[in-house]
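Enquirer: structure for the following, please:
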Amino acid sequence: MAGGDTVSPAGPAGHIRSFVRRQGRVSHAQQRYHQEMMPRIGVPYGAAPIDLEALFGRVAPRILEIGFGMGETSAAIAAAHPENDYLGCEVHTPGVGSLCKLVAELDLHNLRIVQHDAVEVLRDMLAPASLDGVHLFFPDPWPKKRHHKRRLLQPAFLALLVSRLRSGGIIHCATDWQDYAQQMLAVLSAERMLENTAPDYAPRPEHRPPTRFEQRGLRLGHGVWDLLFRRRQDSLEPEDHRQDQLA
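Expert: Next up is the predicted model:
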């Protein structure tokens, strides 16, 4: 998810924005694929839950990706796991156009895109217990201490996220900022409806391909931290027999 020094105000819904709307350059190809593909794979924002079975035309595990950037990882995961359905959420047009291009080139049928604020998508468009997994890869770290409150993974947001997960559903986070990794671990560990799948940080799962940026950072000695937490069984929810680990 993109960021910068220009801090955007809270939106009309009252929550603090974790992203900055930038007027980044949109390439000709990104614009063309955005115009061609979004009518086919785009999901307009609406203040009512969407029917995911109707959207994808089948019953399958459903994974939400929040802030997919330029979409390379999203496309690679969707291509490698056609048995799952993926809903990507991103606000920036260059990234949306880039992923649209990859969807067309790879002929992916299991990926849809919402170009809107993820908080409002979760709150308004996704029903409780409708997701089998969530990917939050390399969100904006807001490195300046005075901006830490704008980091996306906060207790209130996490509670909303957990409410949209089925029992056994996985939240998979990754960051290359150590202090954000520590905050993520603390916030995730404090949520009573989650359990860690590792003693603390998890090894990078094979289903998350390293990005070019990440590979460059690793060559320079930078760290990357993955966290995988599972939603506990709710005492009021019937036993769910879906697989525990989802790509």
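Enquirer: please enumerate the strands of the chain.
Expert: Here the chain has its strands, by DSSP state E, at 62-66, 85-89, 111-114, 131-137, 165-175, 194-196, 225-231.
Enquirer: as TSV, the ones you listed with distance to K144 and mean pLDDT would be great.
Expert: All C-beta atoms are positioned from the backbone trio N, CA, C, and that covers glycine. As requested, the strands of the chain are arranged in TSV below (distance: least, C-beta to C-beta, whole Å; pLDDT from 0 to 100):
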stretch	distance to K144	mean pLDDT
strand 62-66	22	98
strand 85-89	25	98
strand 111-114	29	98
strand 131-137	20	97
strand 165-175	16	97
strand 194-196	28	98
strand 225-231	20	97
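Enquirer: tell me which of those strands sits nearest to Q31.
Expert: Relative to Q31, the nearest member of those by C-beta to C-beta is strand 111-114, separated by 15.0 Å.
Enquirer: related to what we said a few turns ago, in CSV, list the strands of the chain along with mean neighbour count.
Expert: Below are these laid out as CSV (neighbours: other C-beta atoms under 10 Å):
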stretch, mean neighbour count
strand 62-66, 25
strand 85-89, 25
strand 111-114, 24
strand 131-137, 24
strand 165-175, 23
strand 194-196, 16
strand 225-231, 22
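Enquirer: out of those, which gets nearest to P209?
Expert: Of these, the one closest to P209 (C-beta to C-beta) turns out to be strand 131-137, at 10.3 Å.
Enquirer: can you name every helix or strand that that closest one contacts?
Expert: Applying 3 or more C-beta pairs under 8 Å, 6 or more residues apart in numbering; DSSP states H and E, we find strand 131-137 packed against strand 62-66, strand 165-175.
Enquirer: the longest one: partners in the sheet, and parallel or antiparallel?
Expert: As defined by DSSP bridges, the strand partners of strand 165-175 come to strand 131-137 (parallel), strand 225-231 (antiparallel).
Enquirer: and that strand, C-alpha only, in PDB?
Expert: The C-alpha trace of strand 165-175 is given here as PDB (Å, rounded to 0.1, in the frame of the first residue of the first chain):
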ATOM      1  CA  LEU A 165     -13.000 -14.900   8.700                       C
ATOM      2  CA  ARG A 166     -14.400 -18.300   9.100                       C
ATOM      3  CA  SER A 167     -13.200 -20.500  11.900                       C
ATOM      4  CA  GLY A 168      -9.800 -21.800  10.800                       C
ATOM      5  CA  GLY A 169      -9.300 -18.900   8.400                       C
ATOM      6  CA  ILE A 170      -5.700 -17.600   8.100                       C
ATOM      7  CA  ILE A 171      -4.500 -14.000   8.400                       C
ATOM      8  CA  HIS A 172      -1.100 -13.800   6.700                       C
ATOM      9  CA  CYS A 173       0.900 -10.600   7.100                       C
ATOM     10  CA  ALA A 174       4.400  -9.700   5.900                       C
ATOM     11  CA  THR A 175       6.600  -6.700   6.400                       C
END
